[in-house]
Each structure stands twice: as structure tokens, then as C-alpha cells.
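> Just the structure for this:
(chains A and B)
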Amino acid sequence: MYEVFQQFLNPEIISKVWLYLLKGLGTTALLSLMVVPLGLASGLAVAALWSLRKRWLNGLLIVYVDFFRAFPPLVLLLFIYFGFPFVGIEVPAIVAVAIGFLLNTSSYYGEIFRAGIESVPRGQWEAARSTGLSWAQTMIGVIVPQATRNVLPDLLSNTLEVVKLTTLASVVAIPELLNAARNAQALTYNATPIVLAALMYLALLWPVVRLISRLEHKAVAVR
Amino acid sequence: MELDRLLFTFFNPEIAREYWPDIAKGFVVTLQLGLATIAAGLALGLGLAMARSLQLRVVNWAIVFFADALRALPPLMVIIILFFAFPYAGLPMSAFTATWLSLSLVLAAFSEEIFWAGIVSIPKGQYEAARSTGMSAWQTLVNVILPQAVRITIPPLTNRTIAITKGTALGSVVALAEILGSAHSASSLAGNPTPLTLGAVAYLLLFIPFVLFGRWVETRFAWKR
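Sure, this is the predicted structure:
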């Protein structure tokens, strides 16, 4: 038991690495602050384009969304990061992450917002337009607020997935939490940094999981 | 001219011919890993949801704890724990086992929640009616509740399963020679991204049918409001 403790939660190693891991956690937070708004905005754009109801445009959007939902995000990231330098385009890791996440998350957020917009009764559009609001005003002022409320659990749950996905940035050597934990583990020959990083993720994301669970069960109960 | 160069770099026929067998081998590994993950993850998830419907307090706490923890942890973090931390406890495992086990546990956590939501959504009267005809609790669960519950869970379950199965690519981080792993090492060997392109195509071949199936299922089994 003592042995296991020494290997997995060694106090000496904790005191050595916790600051380093905390810095990694800061990077994870910054990454999330970059990719979540990017994903929300681009997803909303995808859904807004969809609700223009242009047949050719919707065809293109389905292809776009399905293409990037079929693609594992790590494949996308490595393709951008390792592929483009071969044609002389150096892509910094952070830019590769931004582009890869944008393409991936815009498809998921796009589908959610689309479902939300479609859940708003047609009469809301007609009423808003008949009061003289333009298409854009109707969209922004009337439809999107209701749509967002209707799909809030899905939005939140997808956002949690995106935050968890930032661990992929460790593969292209961005020093976020998982990357920091791996480095520290390699230096200390001890599993403590990995366990510590896992505990940090749990401490921060567990409440979010609980919240999503409650929202989802409430949504089921209402039906 | 520019386009020619781009094509020649990202899809070089000679390099494609040389390395496609590697990618094909990776394809088989990904396929096995994906199928094994889906089978184990969904079976465990359904089993846990059924156990939860027994309403035993301690069992429920354990299940909720498990489901919450594995939904909060990033899948790559779980793989890293199993592959890099478990050997310190004298439990080394292969990259395939670590990836399979991690993804199966994550899928089990998510599918347990989805199955459970489905079970809860069935009106209580169904349960009472079935019991009053003389069915046992188990018979009621299997013959009355689950057939209705599973039907509602199919759309969210399909999407979640696709998302988690795509995580097979994470195995490349622990040097598993699945599609991405083979493509990445082949492209470093060849000094050319063509194997990565092949890998990307392989993933699309594998997952596009899944995504289209998910889309079909979504309309087919949509909630009738």
C-alpha cells in the first residue's frame, strides 16, 4: 500500500511539480478560451447559413458537417501540423490547433444550433418579420435566443467535450496540462504527476458533468 | 503549376503505392479496436443501467461515481493513465489493450447515462401494468421497459458511439500502429505527407457510413412530439 502511495501520490513529488502543472492548467484554460468561442461563433454561422434555406447551400453544408464529423480531430490536427510544412507552409502549433478545432467543433456546434433554430416555431419568424424586423434582426433578436435556450444542455455538453479535447494539443507539444504531466512523469520516473493532472481535470470538470446530467434529466422529465 | 506541386506533394502516386500496405494494416487494427470498443462499451453501459434500475443505494452511488468520473476525464488522459501510470503499480498493458480499455470505459459511462435516461423516461404505469400481469421485475425490465427505452436512446447513442470510436486515433499517442500511427510514421519515413492523406481517406471510408447512418437514425427514430 505504502509502495503504491509512493508511486501514485508521492508528497515530495507533488510539492515539486504542482506549480508546473498549475501552469499547464493555465494553458489549458487559455486554449479553451480560444477554441470554445471560435467553435460557438462558427457553429452559429453554419446554422444561420442553413436557415437561409438555399438548396445548394444546404447540400454543401451537409457535406461539410458530415465530413468533419467523420474525421477524428487528432487526424485533422496532425494533418495540418505535419502535412503543410511539406509544401513550405510552416504552421505554428497553436494555429494548427485553432484551425483543426474550428473545422471540427463548427460541425458539432452547427448541428446543435441548427436543431435549436428548427425547434423555434415558424410563427415566431412570421410574427417578427411582420413587425418590420429584417432577416438578420429576426435571427439575432428573436430566433437565436430561443434556440439557444432550447438546446442549452447539448451546447453545454459539447463545450465540455471541446474542453476535454484540448488534451490533443499535447501531441503537438503545446504545454497544456496533459503535456506538462507527461513531461513531469518522464523527469521524475513516477506516476504522481499524471495522477495529479487527472485529479485536476476531475475537480474542475466534475461539477460541469453533474450540471449537464441535471439539465438532461430535467429535459427528459418535461416531455 | 502550384496545384500540380500541391497534388504531387499530398498525393504522390509512387509513395502511395509504396506505403498503402502499411495504412491497410493500420486500417485493420482501427477496425478491430473500434468494433471491440463498441461491443464492450455498449454492453457494459447497458449492464450498468440495468443494475441501476435495481435501485440499490450503494450500487447506484458506485455507478454514478464511475459514470461521472469517466465523463469528466478527457479520453486521452485515461489512455495515458492506463498506459503510463499503471505499469508503476505492476500492471503494464499493451497499447492496444490500454486504448481499448480506456475507450470502452468512456463509452460505457456515456451509454449508461443514455440508457438510464431512456429507462427513466418510460412512464411508471408501464412498469406497474407489467408487474400486475404477474411478470417479475426482471421480466418487466427486459420485455417491457428496455425495448421501449432502447428505441428512444438510439439517436443520442449512435452519435456518442461515433464520437468515442473516432478516439481510436488517440492510440497513436501510445505508439499503437492503427491508421494514424502507421500514416504518421510512414510519412516521416517517406519525407512526404502522402501517407497522411491516405490515412485521412481511410478514416473517411470508415466513418462516413457511420455518420450517414447516424443521420438516418436521427430522422427515423426522432421523438414524436
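
> buried set for stretch A:84-104?
Of all the residues in stretch A:84-104, those buried under the rule 16 or more other CB atoms under 10 Å in any protein chain shown are A:84, A:86, A:91, A:93, A:96-104. Placement of C-beta: from N, CA and C, glycine included.

> Turn the residues you listed into JSON lines, columns for distance to chain B.
Output for these, formatted as JSON lines (distance: CB to the nearest CB, whole Å):
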{"residue": "A:Phe84", "distance to chain B": "8"}
{"residue": "A:Phe86", "distance to chain B": "5"}
{"residue": "A:Val91", "distance to chain B": "12"}
{"residue": "A:Ala93", "distance to chain B": "15"}
{"residue": "A:Ala96", "distance to chain B": "13"}
{"residue": "A:Val97", "distance to chain B": "14"}
{"residue": "A:Ala98", "distance to chain B": "19"}
{"residue": "A:Ile99", "distance to chain B": "15"}
{"residue": "A:Gly100", "distance to chain B": "12"}
{"residue": "A:Phe101", "distance to chain B": "14"}
{"residue": "A:Leu102", "distance to chain B": "17"}
{"residue": "A:Leu103", "distance to chain B": "12"}
{"residue": "A:Asn104", "distance to chain B": "10"}
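
> Least confident of the residues you listed?
Among the buried residues of stretch A:84-104, A:Phe86 carries the lowest pLDDT, at 84.

> Could you check how far that residue is from A:Met1?
Applying CB to CB, to the nearest Å, the value for A:Phe86 to A:Met1 is 52 Å.

> want to throw the buried residues of stretch A:84-104 into CSV with secondary structure and distance to B:Pro21?
Listed next are the buried residues of stretch A:84-104 as CSV, based on DSSP: H, G, I helix; E, B strand; the rest coil; distance: CB to CB, whole Å:
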residue, secondary structure, distance to B:Pro21
A:Phe84, helix, 26
A:Phe86, helix, 22
A:Val91, coil, 29
A:Ala93, helix, 31
A:Ala96, helix, 29
A:Val97, helix, 32
A:Ala98, helix, 35
A:Ile99, helix, 31
A:Gly100, helix, 28
A:Phe101, helix, 32
A:Leu102, helix, 34
A:Leu103, helix, 29
A:Asn104, helix, 29
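
> Could I get the full set of helices for chain A?
With DSSP state H, the ranges of helices along chain A come out as A:2-8, A:11-50, A:55-70, A:73-78, A:93-119, A:122-130, A:135-138, A:144-150, A:152-165, A:177-188, A:192-222.

> winner for burial among those?
Across the helices of chain A, averaging neighbours per residue (mean count of other CB atoms under 10 Å in any protein chain shown) puts helix A:73-78 on top, at a mean of 24.

> Just the residues contacting it, thanks.
A:68, A:96-97, A:100-101, A:103-104, A:165, A:168-169, A:171-172, B:166, B:169-170, B:172-173, B:179-180, B:184, B:196, B:199-200, B:203 (CB atoms under 8 Å, 6 or more residues apart in numbering or on different chains).

> try stretch A:41-61
Contacts for stretch A:41-61 (CB under 8 Å, 6+ apart): A:64-65, A:102, A:105-114, A:116-117, A:139, A:143-144, A:147.

> mind redoing it with 10 Å?
A:62, A:64-65, A:101-103, A:105-118, A:120, A:125, A:135-136, A:139-140, A:143-144, A:147-148, A:155, A:158 (CB atoms under 10 Å, 6 or more residues apart in numbering or on different chains).

> Regarding chain B, what is its longest helix?
helix B:13-52.

> So which bits of it are buried?
Quick answer for helix B:13-52 (16+ other CB under 10 Å): B:15-16, B:18-20, B:22-23, B:26-27, B:29-30, B:33-34, B:36-38, B:40-42, B:44-46, B:48-50, B:52.

> model confidence over that helix, on average?
95.

> Is it possible to get a markdown table of the buried residues of stretch A:84-104 that adds distance to A:Lys16?
Listed next are the buried residues of stretch A:84-104 as a markdown table, based on distance: CB to CB, whole Å:
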| residue | distance to A:Lys16 |
| --- | --- |
| A:Phe84 | 38 |
| A:Phe86 | 40 |
| A:Val91 | 34 |
| A:Ala93 | 26 |
| A:Ala96 | 31 |
| A:Val97 | 28 |
| A:Ala98 | 32 |
| A:Ile99 | 36 |
| A:Gly100 | 33 |
| A:Phe101 | 32 |
| A:Leu102 | 37 |
| A:Leu103 | 39 |
| A:Asn104 | 36 |
